[in-house]
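Asks: Sequence plus the predicted model coming up.
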Amino acid sequence: MLKRLDTLEVATSDLNDAAAIYEKNFGFQVKREGDTAIVKVGAAEIKLRTGEAVAPAIAANGEGMMGLWLEADDVDLVAAALKKAGIDAGAPRRDVGRRVLAIDPKHANQVPLFIFDRKA
């Protein structure tokens, strides 16, 4: 049902320092786009995010992982399987060429989990 890890989003208050960790310590090339730095890891990305968009997440939970994005062939099938397991993921929302299920972190070891497909 789930195809691949797409994106791991990380909130940081110091984008330059966070990017330097991946560049200096691990040898990754980091592409910067405004308040985001992107680290490609195979077909997946680590998105280091800073600024007003992530300030509430940092205030509530501190710096660190703020979203795990997994791609599926069909989020309706994922939602049905989750419902069988006793988890109501609700209806998918539409988001720029994809449908997204937002899974309550209490069902994913306190990780904000997003499962999407590319069916618009």
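Replies: Yep, it's here. Numbers count the residues shown, from 1 in each chain.
Asks: How many residues are close by Ile58?
Replies: Using other Cβ atoms under 10 Å, Ile58 has 16 neighbouring residues. C-beta here means a position set from N, CA and C on the backbone, and glycine is covered the same way.
Asks: Can you tell me how far it is from Asp14?
Replies: Per Cβ to Cβ, to the nearest Å, Ile58 is found 11 Å from Asp14.
Asks: now swap in Ile87 and tell me
Replies: Per Cβ to Cβ, Ile87 is found 36 Å from Asp14.
Asks: between these two, which one's more packed in?
Replies: Between Ile87 and Asp14, Ile87 has the larger neighbour count (other Cβ under 10 Å), namely 15 against 11.
Asks: wait, that one sits on His107?
Replies: Yes: the pair Ile87 and His107 passes the contact test of Cβ atoms under 8 Å, sitting 5.0 Å apart.
Asks: and the most far-flung residue of the chain relative to its centre, what does it touch?
Replies: For the chain, the residue at maximal distance from the C-alpha centroid (Cα atoms, centre = their mean) is Lys84, at 24.2 Å. Counting by Cβ atoms under 8 Å, 6 or more residues apart in numbering, Lys84 touches no other residue.
Asks: so where do the strands sit in this structure?
Replies: 2-11, 30-33, 36-41, 44-49, 64-72, 93-94, 99-103, 113-117 (DSSP state E).
Asks: Put together a markdown table for the ones you listed, with mean neighbour count, distance to Ala80 and mean pLDDT on each row.
Replies: Output for these, formatted as a markdown table (neighbours: other Cβ atoms under 10 Å; distance: least, Cβ to Cβ, whole Å; pLDDT from 0 to 100):
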| stretch | mean neighbour count | distance to Ala80 | mean pLDDT |
| --- | --- | --- | --- |
| strand 2-11 | 16 | 14 | 95 |
| strand 30-33 | 12 | 36 | 96 |
| strand 36-41 | 17 | 30 | 96 |
| strand 44-49 | 19 | 26 | 97 |
| strand 64-72 | 18 | 11 | 95 |
| strand 93-94 | 12 | 17 | 94 |
| strand 99-103 | 18 | 11 | 95 |
| strand 113-117 | 21 | 12 | 96 |
